[in-house]
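>>> generate a structure from the sequence data that follows.
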Amino acid sequence: MFRVLRTLGLALGLLGGAIAAQAPEFAQQYAQRLGGTVDELRRVVAAFEADAAASGRSRDAALDRLRGDGDALVARRGEAARHDIARLDALSAQQRSLAEAGGPLGRAVTVLRDPDLSLARATYEDYRPAIPTTADGLTAGFLGFLATWAGWRLVADLGRHLATGRRRRPTIERA
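Presented below is the predicted three-dimensional model:
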């Protein structure tokens, strides 16, 4: 029975390693999607700024003018422009954090720490697993294997201890 548990632990460890090895690949695909989103938002914000300048207004003055307009459609477009500018700032900061992330798992940790949920969801929906061939992927896979295997060993050892402890209990004889 112990060999079966040991083999199961090894198999679970390998599965955990394979799953953990995908974290750097997911971070890579997220970073690519993030870059495309930032590029498109920069284009949209630059066009808005050009329109504001052409009408003799600063970006903030144009936003205030649109958002304060009595026409609901114009006010909503002003609010959408404000949201685009704020999102561009947030995603640009995240892009810088990813570029500065160090260590073998830095990018994956950076993505996990503060993801843009809509980008993470879209990345997950289009995600394609990859065989880890980078240092990041191999490190994550090894750590995932160790964590899963060690967790299984703890559970299996605890279960075995509880099972053998029940069998060894002395019975009290009554006189």
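
>>> the host helix or strand of residue 137 packs against which elements?
Taking DSSP states H and E as the criterion, residue 137 maps to helix 135-168. Applying 3 or more Cβ pairs under 8 Å, 6 or more residues apart in numbering; DSSP states H and E, we find helix 135-168 packed against helix 2-20, helix 22-54, helix 106-113. Quick note: C-beta positions are derived from backbone N, CA and C, even for glycine.

>>> which of those helices sits most buried?
helix 106-113 (a mean of 18; mean count of other Cβ atoms under 10 Å).

>>> same for that helix, what does it pack against?
By 3+ Cβ pairs under 8 Å, 6+ apart, helix 106-113 packs against helix 22-54, helix 72-100, helix 135-168.

>>> tabulate those helices in JSON lines, adding columns for mean pLDDT and distance to residue 63.
As requested, the helices and strands packed on helix 106-113 are exported to JSON lines (pLDDT from 0 to 100; distance: least, Cβ to Cβ, whole Å):
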{"stretch": "helix 22-54", "mean pLDDT": "93", "distance to residue 63": "8"}
{"stretch": "helix 72-100", "mean pLDDT": "94", "distance to residue 63": "5"}
{"stretch": "helix 135-168", "mean pLDDT": "79", "distance to residue 63": "41"}
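
>>> on that earlier part again, now the angle from the helix holding residue 137 to helix 2-20?
In terms of direction (axes from the mean of the first three to the mean of the last three Cα atoms, to 10 degrees), helix 135-168 departs from helix 2-20 by 150 degrees.
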